[in-house]
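[1] fold the stuff below for me.
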Amino acid sequence: MAKKTVLSNYEETEICRLCRSGLGTIDVGSLFNVSPTPIVRILEKNNIKRRKSSVSYDEESFWNNVELCEPNRCWKWRGGFRSSGYGHTSRYRKDESAHRLAWEFWNNKKIPKGMFACHKCDNPACCNPNHIFIGTPKENSEDMVRKNRQVSGERHWCSKLTKEQVSKIKEMRNNGETLTAIGKIFGITHGMVGHIASGRNWKNI
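    Okay, the predicted model is just below:
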């Protein structure tokens, strides 16, 4: 079930009451089907102290970099961007895709290794979890084909790939996908996949 983004006055009053009683924001969020971050904002608005451990700094600071709006619209990332158009940020000294973190924070679980966070809206800057679905490499490739973002038919491997596809290749490799499997999806040799993954080619992405 998608989490709420708008709360009624009654719900806000109940949230304040429960948090005053000592219940943490994550627990309250579970009761009202809402992310901890909107609850933190409600508490701040009402000058209510919260337990410091109730929501991580990572998550709170992350959502502060997202333009939250109506649940059916794209939520634009306001932080840094890769040249491919995807938002990214640093977490635990590791470069992370913003849309993947958005899905993980919202659903309170990690994306399984080797799986992709795919955009229904086809907007790489979007961090609305309702616009993101988790798919296998095959499903991700099929989604690219449906949206006419598949590899073109030119002979030279470099002309086949867009910046977005190169970013996907690097992400797949980081998630443990084999060179051969990636090469089959994008129509290039496993050697070329290795060059891309290691940064020998497409160094700017």
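[2] worst-scoring helix or strand of the chain, pLDDT-wise?
    Within the chain, confidence by mean pLDDT, DSSP states H and E is lowest for helix 157-160 among all helices and strands, at a mean of 47.
[3] how far out from the middle of the chain is whichever helix or strand comes after that one?
    Remark: after helix 157-160, the chain's next helix or strand is helix 163-174, criterion DSSP states H and E. Computed by CA atoms, centre = their mean, to the nearest Å, the separation of helix 163-174 from the middle of its chain amounts to 15 Å.
[4] how about residues contacting helix 163-174?
    With CB atoms under 8 Å, 6 or more residues apart in numbering as the test, helix 163-174 has contacts from 82-86, 97, 114, 116, 124, 137, 140, 144, 149, 151, 161, 179, 182, 185-186, 193, 196-197, 202, 205. To be clear about C-beta, it is placed using only N, CA and C from the backbone, and glycine gets the same treatment.
[5] in helices, which of those residues fall?
    Among the contacts of helix 163-174, DSSP state H puts 137, 140, 144, 179, 182, 185-186, 193, 196-197 in helices.
[6] nearest to residue 102, of those?
    residue 140 (17.0 Å; CB to CB).
[7] the closest residue to the closest one other than its chain neighbours - how many residues pack around it?
    Spatial nearest neighbour of residue 140, excluding adjacent residues (CB to CB, 6 or more residues apart in numbering): residue 116 at 4.2 Å. Residues lying near residue 116 (other CB atoms under 10 Å) number 24.
[8] test my guess that residue 116 contacts residue 138.
    No - using CB atoms under 8 Å, residue 116 is not in contact with residue 138; the gap is 9.9 Å.
[9] can you list the domain ranges for the protein.
    9-55, 73-135, 141-198 (automatic domain parsing).
[10] so can I have CSV of the ones you listed showing distance to residue 67?
    Formatted as CSV, these follow (distance: least, CB to CB, whole Å):
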stretch, distance to residue 67
domain 9-55, 13
domain 73-135, 4
domain 141-198, 22
